[in-house]
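1. fold the following, please.
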Amino acid sequence: MTPVPAWDPTDLASLPRAEFAFPGPLRDQLVAAILDGSKTSTTGLVVDYEHEGDPLPEVGSREVVVDSQDRPVAVIEVTGVRVVPLGQVDLAHAVDEGEGYTSVAEWRAGHERFWHGEEMRAALNDPGFSVDDTTPAVLQRFRLVTVVHPADG
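-> Numbers count the residues shown, from 1 in each chain. Purely as a prediction, here's the structure:
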């Protein structure tokens, strides 16, 4: 097996950042799930991408995952992207989010708590923001390319 070359911090700096949730316990949980391989999908909202002025993810693109301390911890590669109404999220996607969901209803309830939370509403500058079955969701699949140790980045 050929050893994987060390990551050059300048390479990491050139990659877009993947920030899962907001800094804190949820981000820490999601990053740990990425690192242990149990999280291979994530869900965003089209409105969030539009608000931030960010393009939707593209298959083959790579991103650097940052932890709650804003340190690079991993590189992921996008393997699939679908935009669907929130009401069409399937069980496979929900399970692959690596958060322990066993039904779409459970997944939906957890995500609605996040999307309807103060941090998300503040980030969107919309204190009344809410989602429904028609809200366009970005379903992203990814694979872990490499773990970046804190000393590397």
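2. helices of this structure, residue ranges please.
-> In chain order, the chain shows helices spanning 9-14, 25-35, 46-52, 91-96, 104-115, 118-123, with DSSP state H as the criterion.
3. for this protein, longest strand please?
-> In the chain, assigned by DSSP state E, the strand with the most residues is strand 72-85.
4. mean confidence score for that one?
-> Average pLDDT, strand 72-85: 96.
5. and that strand, what's buried?
-> By neighbour count, and taking 16 or more other CB atoms under 10 Å as the criterion, the buried residues in strand 72-85 are 72-76, 78, 81. C-betas here are computed from N, CA, C, even on glycine.
6. pLDDT below threshold where in this protein?
-> 1-10, 150-153 (pLDDT under 70).
7. give me that answer again for 50
-> Segments of the chain classed as low confidence (criterion: pLDDT under 50) are 1-5, 7, 151-153.
8. turn the buried residues of strand 72-85 into CSV, including distance to N125.
-> As requested, the buried residues of strand 72-85 are arranged in CSV below (distance: CB to CB, whole Å):
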residue, distance to N125
P72, 28
V73, 29
A74, 30
V75, 31
I76, 28
V78, 27
V81, 26
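9. closest one of the residues you listed to R17?
-> Lowest distance from R17 to the buried residues of strand 72-85 (CB to CB) belongs to P72, with 8.3 Å.
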